[in-house]
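Student: Build me a model:
(2 chains)
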Amino acid sequence: AAGVIQSPRHLIKEKRETATLKCYPIPRHDTVYWYQQGPGQDPQFLISFYEKMQSDKGSIPDRFSAQQFSDYHSELNMSSLELGDSALYFCASSFLNTEAFFGQGTRLTVV
Amino acid sequence: RKEVEQDPGPFNVPEGATVAFNCTYSNSASQSFFWYRQDCRKEPKLLMSVYSSGNEDGRFTAQLNRASQYISLLIRDSKLSDSATYLCVVTRDTDKLIFGTGTRLQVFP
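Tutor: Numbering: from 1, shown residues only, chains lettered A, B, ... in the order given. Sure thing, here's the model as predicted:
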């Protein structure tokens, strides 16, 4: 069965650079979530979209933005990267607020 | 205080043991409840949903107590492969998943 696809799997950026993370949800899922997980921490909610509209916002820095496109894929744009942005970024999708399924994540390292 | 709280552990148990985790949530408007499992540096994977009537899947049993606002996960006959972090997850009508801090389980031979 198709799963949530994230790209890239690994990304290395320098401070102050920009990064774009992509997420392709499971077909027919109507909700996409983005989470950030630092080392030894639980996943922290960043933002979610329902039917291409932003549905909720968590602890997402102003330097980050996200959107969901007409084909339901989502992108997380991160600018002016800081060392503290180094983390695993997970995308998850669900249908009608039922169980959510996660992608394998993007490991971002800011140097 | 976090909205969803778990004992971080670690719980170190021998193979074949029975182990139980609890999770408490503070918002009575919470609607849906799940247990996820996360292996080191991997994505969280859905283990099971938790229903008011309780549910069982093989060696795993989940219970929900709405009055006391806690959910539990019982693992019987622990296997080495059960070693992981178990995340309690709660949702409200705003859709987002709210994670607990996770409970680490280490099963030893």
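
Student: count of residues packed around the residue in chain B positioned nearest to chain A?
Tutor: Closest to chain A within chain B is residue B:43: 4.0 Å, counting by Cβ to the nearest Cβ. In this view, the C-beta of every residue, glycine as well, is placed from N, C-alpha and C. Using other Cβ atoms under 10 Å in any protein chain shown, residue B:43 has 22 other residues around it.

Student: in the sheet, who's paired with the residue in chain A positioned nearest to chain B?
Tutor: Of all residues in chain A, residue A:102 sits closest to chain B, with a separation of 4.0 Å (Cβ to the nearest Cβ). Residue A:102 has these beta-bridge partners by DSSP bridges: residue A:92.

Student: any idea how far residue A:28 is from the nearest residue to the residue of chain B closest to chain A once chain neighbours are set aside?
Tutor: Leaving aside its chain neighbours, residue B:43 sits nearest to residue A:102 (4.0 Å; criterion: Cβ to Cβ, 6 or more residues apart in numbering or on different chains). Look at residue A:102 and residue A:28: by Cβ to Cβ, to the nearest Å, they are 17 Å apart.

Student: Looking at the two, which has the bigger crowd around it?
Tutor: residue A:102 (23 against 9).

Student: wait, isn't the more buried one in contact with residue B:39?
Tutor: No. In this structure, residue A:102 is not within contact of residue B:39 by Cβ atoms under 8 Å, at 12.0 Å.

Student: Show me what from chain B comes close to chain A.
Tutor: Residues of chain B found near chain A (Cβ under 8 Å from any Cβ of the partner chain) are B:31-32, B:34, B:41-46, B:49, B:87, B:91, B:93-102.

Student: Go again with 7 Å.
Tutor: Within chain B, the positions adjacent to chain A are B:32, B:34, B:43-44, B:46, B:49, B:87, B:91, B:94-97, B:99-102 by Cβ under 7 Å from any Cβ of the partner chain.

Student: so of these, which ones are in strands?
Tutor: B:32, B:34, B:46, B:49, B:87, B:91, B:97, B:99 (DSSP state E).

Student: Could you give the number of residues near the first one?
Tutor: Counted with other Cβ under 10 Å, the burial measure for residue B:32 works out to 17 neighbours.

Student: which residue packs closest to it, ignoring adjacent ones?
Tutor: residue B:91 (4.5 Å).

Student: what's the answer for the third one, then?
Tutor: Distances taken as Cβ to Cβ, 6+ apart put residue A:99 closest to residue B:46, at 5.1 Å, once the chain neighbours are dropped.

Student: residue contacts, the one you found?
Tutor: B:34, B:46, B:49 (Cβ atoms under 7 Å, 6 or more residues apart in numbering or on different chains).

Student: beta partners for residue B:64?
Tutor: Beta-bridge partners, per DSSP bridges, of residue B:64: residue B:71.

Student: Hmm, residue B:71 and it touching each other?
Tutor: Yes. In this structure, residue B:64 is within contact of residue B:71 by Cβ atoms under 7 Å, at 5.0 Å.
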